[in-house]
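**Student:** Give me a 3D structure for the following:
(4 chains)
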There are 4 protein chains.
Amino acid sequence: MIYTYLGPAGTFTEAALLQVPDARGSERVPAANVNAALEKVRQGTADAAMVPIENSVEGGVSTTLDAIAKGEALQIISEALVTITFVLAVRNNIDSLDQIRSVATHGHAWAQCRGWAEANIPQAEFIPTSSTAAGAMGLIDGESSHDAAICSPLVAQEQGLRVLREEIEDYKGAVTRFILVTRPGPIPAPTGIDKTTVILPLTEDRPGALMEILEQFVVRGVNLNRIESRPTGEGMGRYFFSVDVDGHVAQERVADALTGLHRVCPNLRFLGSYPAAAGLSSVVDAHNSDDAFAKAQSWVGGLRSRLTA
Amino acid sequence: MIYTYLGPAGTFTEAALLQVPDARGSERVPAANVNAALEKVRQGTADAAMVPIENSVEGGVSTTLDAIAKGEALQIISEALVTITFVLAVRNNIDSLDQIRSVATHGHAWAQCRGWAEANIPQAEFIPTSSTAAGAMGLIDGESSHDAAICSPLVAQEQGLRVLREEIEDYKGAVTRFILVTRPGPIPAPTGIDKTTVILPLTEDRPGALMEILEQFVVRGVNLNRIESRPTGEGMGRYFFSVDVDGHVAQERVADALTGLHRVCPNLRFLGSYPAAAGLSSVVDAHNSDDAFAKAQSWVGGLRSRLTA
Amino acid sequence: MIYTYLGPAGTFTEAALLQVPDARGSERVPAANVNAALEKVRQGTADAAMVPIENSVEGGVSTTLDAIAKGEALQIISEALVTITFVLAVRNNIDSLDQIRSVATHGHAWAQCRGWAEANIPQAEFIPTSSTAAGAMGLIDGESSHDAAICSPLVAQEQGLRVLREEIEDYKGAVTRFILVTRPGPIPAPTGIDKTTVILPLTEDRPGALMEILEQFVVRGVNLNRIESRPTGEGMGRYFFSVDVDGHVAQERVADALTGLHRVCPNLRFLGSYPAAAGLSSVVDAHNSDDAFAKAQSWVGGLRSRLTA
Amino acid sequence: MIYTYLGPAGTFTEAALLQVPDARGSERVPAANVNAALEKVRQGTADAAMVPIENSVEGGVSTTLDAIAKGEALQIISEALVTITFVLAVRNNIDSLDQIRSVATHGHAWAQCRGWAEANIPQAEFIPTSSTAAGAMGLIDGESSHDAAICSPLVAQEQGLRVLREEIEDYKGAVTRFILVTRPGPIPAPTGIDKTTVILPLTEDRPGALMEILEQFVVRGVNLNRIESRPTGEGMGRYFFSVDVDGHVAQERVADALTGLHRVCPNLRFLGSYPAAAGLSSVVDAHNSDDAFAKAQSWVGGLRSRLTA
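**Tutor:** Okay, the predicted model is just below:
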């Protein structure tokens, strides 16, 4: 297996990839951006790509949501959650915060640590870099001159950097969710706590179209745990919905809801059933259990066996 | 085939039975009441029973609704509509309305023609009989003494009675619907304009239980054309619903709705899919067509073929 | 106050009327049938009528349901529940069951006690009477000759009849619900456990019309506790629904649901808000409380106060 | 009136602002970013801010969606649509495309014109600038050295730049929607074709919470024309919905839906009722008209006037 991910090495996406047991001992190829990572998978130069899909503060990652909703089909086979936390890495000759005259990092990371920086290293100039990892590598590349970098704990650890402060982010507990994407293929067996992701284009503009979609879930007791709208690009007011539900296509209630959705929304896209990274409520009413579905289907099957030709 | 029906001979129920081509040349056994007719079928002494189920003025026929909802399973294989109209039959020596001193009929028929009678034969005394046919037969039985009878056109015709006036009912156009009931067996092939009847006990008292049932129809675009509530007899507020929908169990949208109903209402009873006597709107949205169902099931089947063991 | 009721005296309807404190010391006029009782109220010769509306075994009383749904407006101001139980009253010279050669009662009562009669007085001939009270009165009228009567405990007590057996009904625990009906006028203040009754004609035949009505209740958290369909008499498949909900028009969620219903069903008929005879679940979600409504209305009122002319 | 907008001058946001008649002759102060523009309004240094809210290709503008959903209350008083189209402006000494060695613009604009550039000026180096206006101004600032700039027609016109090509964007017809935001105050009178915007936090995680919100619209026939989810920032899976509906709070069906929403979602935020920039379907069912609401309220008012104290 060859893995790719939103690079460079040492960012949170690589941290997410390292949560996949098989990926630790495999080839891991960074990609320049989300589309590039997914293209490697589509073209077969990589077998799987880890990309961010949702951040608890920033929201859905539009690039990823759009890239997997369109183009050649892809499949999600697992997800990973990474808590976003930053460290202040410094050159070996820096011993205290007041010695720092410049700090390099990506603009996003700077935005997330600015409060801490203004309070603790007000004298330091901000040097923007193309990634947090790039800022960190600058401390040891012999070319850059900044005194410090704001980066992920992973890159600091991998590169053996001197860490002066940890958890310097202004908002604690931000989490990013990543998905591991392959070409369509075998669907992971259900674990009992699974998610299913679908893309639902809203082809009709009439009132109630979204309701009609949601009812397909409601009548089978299938719980939505994420719904996001994205423009289709075909004009103002044309959307698709990216939806995660609790459960697995191997479960009858999910399969039946997908059958219903295919009727009202024939251009839907199935993006996978896969183990949920965090516990979901797995309470299913008796009348939505596989057993209830099996009995119902068997009963109707019995009726239809009596049909006159 | 032996047919039974709510007797006696010459009533509207026999008129309904005579609409069944096969019944005209077959043995037709009148029964004393609806339960007796259905019992003959259950016990095998008759093959099919014609009984009234609904009147456009009086509403559902409770006895029939209850009798087919409970006890040993039965099946509806066809329905018939009979326009309820009455004639005034008289003894041969009666030539004009003012000669009539007494008129015999069943209380129900009297109620439906009373306006006419008060306006046209105010001098006539009303003699109640056990059926309209009994009143008619009294004109020729040599025992009774009434001058006239209010009865169905059928009995007047069959017995060669003298008819002085037709269509004497106060409300024109009343229609009674009858059903032909057999033991469970082959289900008639779909004709394109069919009905399906189910009995749905509302086992749970919680709010929204009826809504949950109706949604199973709505999400498949299945149109209700009759819904009636009846007490289960298990206590105040415990009901079952007798429901007719457009369509046939051979159609996917109906089969799928039945599957959903079996889950939320496992004690439901299927009473048959059969040709509708009067034209129903047979417009089905493309996304609820058999083709849409087939494509949806095939698509989900494709997904599930990729499941890892 | 003059009270009327479905007579004759001594039947279960009078028992229901006697549950009304004010009725015990007031004039009580029996009526020949339900329509006659309601007519007395409409014409002002009585102030209130007690009539049966629902039986836990037989279902809704169609005559009453129809009579209050049509014609000049009426109002329900209270309801009463009566447990249906029968006694065997006998002539004073009868000491044991085997002495009874004939038993008089109404056909309905006979149907409900037939199992007991066949097991305990198989030798007795059944004499049909126009009411259970008539059968009972026959024991002391000096004209009739039957030995026994099946009647309500009330008439036996009122007439001082000799009672040989009590609770001879085949199904124990059957309950009939009665309503006290007046001309439209003051609505009883809410007690906390109230019911509201409405008549909802289904004017449109299109799919989903019933759903649309029910949703008006669901979105305000208003619980249905009875729904019955009745034909309007305007043709097969034309119905009105008679509906009881938990709560009182004085409560905002009920008033708001009625407002919504009036829009989708402008010909609806309000039949009253009145104390429930038996405990109803009175749990109302916080967001459907009067307080939540008041806050919501006040908020929207604030917005609208900013409207530019 | 002092107007602010997402600057700098000459971008599409200023083009949107110039659609507002009053803004043409008023002071227009560019702001560095969306938050800065809204802050000027909140603090009173500007009276109104024009900011982008939605792009037909890129989707909702997250910064704006979040900024108006949180913090001190604001109000939308109008919207404007601007078709996004780019021109190629050049120095006066450039006469043909093959003379262009470098072209400056903002990265977003470059992305939208890259196909054209690669086909028509493949030799030209891309010089990133902080805005399209900055690239355009560079042609005449005496400091920059690039030969051409990709910019809006507005800035080219305002600065009298030489335009070599128009409509060079790869996707024709992209539209951006802008909103004009003030402090809460008078609500514009209804025009007949209006929109209402609300922010609906989904406070409860339970299944059906989104359905419950949507039903508040559906039962009043209020049509959704935009729904977008955004994270609240309080943790993965916590969203608010930004929703536009057809209609004005001055209309009863909208006011009634808002009343219902306030109950199920008390922390909702009303962002304004204002004229729609593009024609919306304004078909309202008779039973959702102001007249139907007025009649319904008057009817219920009549009932409640009969309440006993």
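
**Student:** Please see if stretch A:290-298 touches chain B.
**Tutor:** Yes. Applying C-beta under 8 Å from any C-beta of the partner chain, one finds stretch A:290-298 in contact with chain B at A:292-293, A:295-297. C-beta here means a position set from N, CA and C on the backbone, and glycine is covered the same way.

**Student:** Can you read off the backbone torsions of A:A117?
**Tutor:** Dihedral pair for A:A117: phi -60, psi -40, per degrees, to the nearest 10.

**Student:** show me what contacts it?
**Tutor:** Applying C-beta atoms under 8 Å, 6 or more residues apart in numbering or on different chains to A:A117 gives the contacts A:103, A:110, A:124, A:126, A:150, A:168.

**Student:** Neighbour-wise, which one of those residues leads?
**Tutor:** Highest neighbour count within these: A:I150, with 27 neighbours (other C-beta atoms under 10 Å in any protein chain shown).

**Student:** Partner strands of the helix or strand harbouring that residue and their direction?
**Tutor:** Taking DSSP states H and E as the criterion, A:I150 maps to strand A:148-151. Strand A:148-151 sits in its sheet next to strand A:87-90 (antiparallel), strand A:102-105 (parallel), going by DSSP bridges.

**Student:** what comes into contact with it?
**Tutor:** With C-beta under 8 Å, 6+ apart, strand A:148-151 has contacts from A:10, A:86-91, A:94, A:100, A:102-105, A:109-110, A:113, A:117, A:121, A:124, A:129, A:132-133, A:135-136, A:138-139, A:161, A:164, A:168.

**Student:** Beyond that strand, next helix or strand please.
**Tutor:** Assigned by DSSP H and E, the successor of strand A:148-151 is helix A:153-158.

**Student:** May I see the buried residues of that following helix?
**Tutor:** A:153-156 (16 or more other C-beta atoms under 10 Å in any protein chain shown).

**Student:** Mind jotting down where the helices sit in chain A?
**Tutor:** Assigned by DSSP state H, chain A shows helices spanning A:12-17, A:21-24, A:34-43, A:62-69, A:107-120, A:132-138, A:153-158, A:209-218, A:252-264, A:290-304.

**Student:** Among the ones you listed, show the one with the smallest mean pLDDT.
**Tutor:** Mean pLDDT across the helices of chain A is lowest at helix A:209-218; the value there is a mean of 81.

**Student:** any idea which of the residues of stretch A:290-298 next to chain B is closest to chain B?
**Tutor:** Of all the residues of stretch A:290-298 next to chain B, A:A296 has the smallest distance to chain B: 3.6 Å, by C-beta to the nearest C-beta.

**Student:** What separation do you get for that closest one and D:M137?
**Tutor:** Going from A:A296 to D:M137 by C-beta to C-beta, to the nearest Å gives 69 Å.

**Student:** before we move on, what about A:L74?
**Tutor:** In this view, A:L74 and D:M137 are 43 Å apart by C-beta to C-beta.

**Student:** returning to that earlier point: relative to D:R263, which of the helices of chain A is closest?
**Tutor:** helix A:209-218 (19.1 Å; C-beta to C-beta).

**Student:** quick one: is that closest one near chain D?
**Tutor:** Yes. If you take C-beta under 8 Å from any C-beta as the test, helix A:209-218 does meet chain D, through A:210-211, A:214-215, A:218.

**Student:** Would you mind putting those into CSV with neighbour count and distance to chain C alongside?
**Tutor:** Shown next, in CSV, are the residues of helix A:209-218 next to chain D (neighbours: other C-beta atoms under 10 Å in any protein chain shown; distance: C-beta to the nearest C-beta, whole Å):
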residue, neighbour count, distance to chain C
A:L210, 21, 16
A:M211, 16, 11
A:L214, 21, 14
A:E215, 19, 11
A:V218, 19, 12
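
**Student:** ok, which of the residues you listed also contact chain B?
**Tutor:** A:215, A:218.

**Student:** A:A48: which of the residues of helix A:209-218 next to chain D is nearest?
**Tutor:** Distances from A:A48 to those, taken by C-beta to C-beta, are shortest for A:L214, at 31.7 Å.

**Student:** okay but the closest one is in contact with D:L210, surely?
**Tutor:** Yes. Counting by C-beta atoms under 8 Å, D:L210 is a contact partner of A:L214 at 6.7 Å.

**Student:** Nearest spatial neighbour of A:L81, chain-adjacent residues omitted?
**Tutor:** What sits nearest to A:L81 in space, not counting adjacent residues and going by C-beta to C-beta, 6 or more residues apart in numbering or on different chains, is A:A277, at 4.7 Å.

**Student:** Quick one: neighbours of that neighbour, just the number.
**Tutor:** The number of residues near A:A277, taken as other C-beta under 10 Å, comes to 20.

**Student:** and what of A:N267?
**Tutor:** Using other C-beta under 10 Å, A:N267 is surrounded by 10 other residues.

**Student:** residues touching the closest residue in space to it that isn't next to it in sequence, list them.
**Tutor:** Leaving aside its chain neighbours, A:N267 sits nearest to A:P201 (5.1 Å; criterion: C-beta to C-beta, 6+ apart). The contact partners of A:P201, by C-beta under 8 Å, 6+ apart, come to A:232, A:239-241, A:265, A:267-268.

**Student:** Show me which residues of the stretch 101-250 of chain A are close to chain B?
**Tutor:** Contacts of the stretch 101-250 of chain A with chain B, taken as C-beta under 8 Å from any C-beta, map to A:184-189, A:212, A:215-216, A:218-220, A:249-250.

**Student:** shaky segments in the stretch 101-250 of chain A?
**Tutor:** Residue ranges of the stretch 101-250 of chain A with pLDDT under 70: A:203-208.

**Student:** Within range of chain D, give me the residues from the stretch 51-200 of chain A.
**Tutor:** With C-beta under 8 Å from any C-beta as the criterion, the stretch 51-200 of chain A meets chain D at residues A:54-60, A:62, A:81, A:171, A:173, A:175, A:177.

**Student:** redo that, cut-off 10 Å
**Tutor:** Residues of the stretch 51-200 of chain A that fall close to chain D, judged by C-beta under 10 Å from any C-beta of the partner chain: A:54-60, A:62, A:65-66, A:81, A:171, A:173-177.
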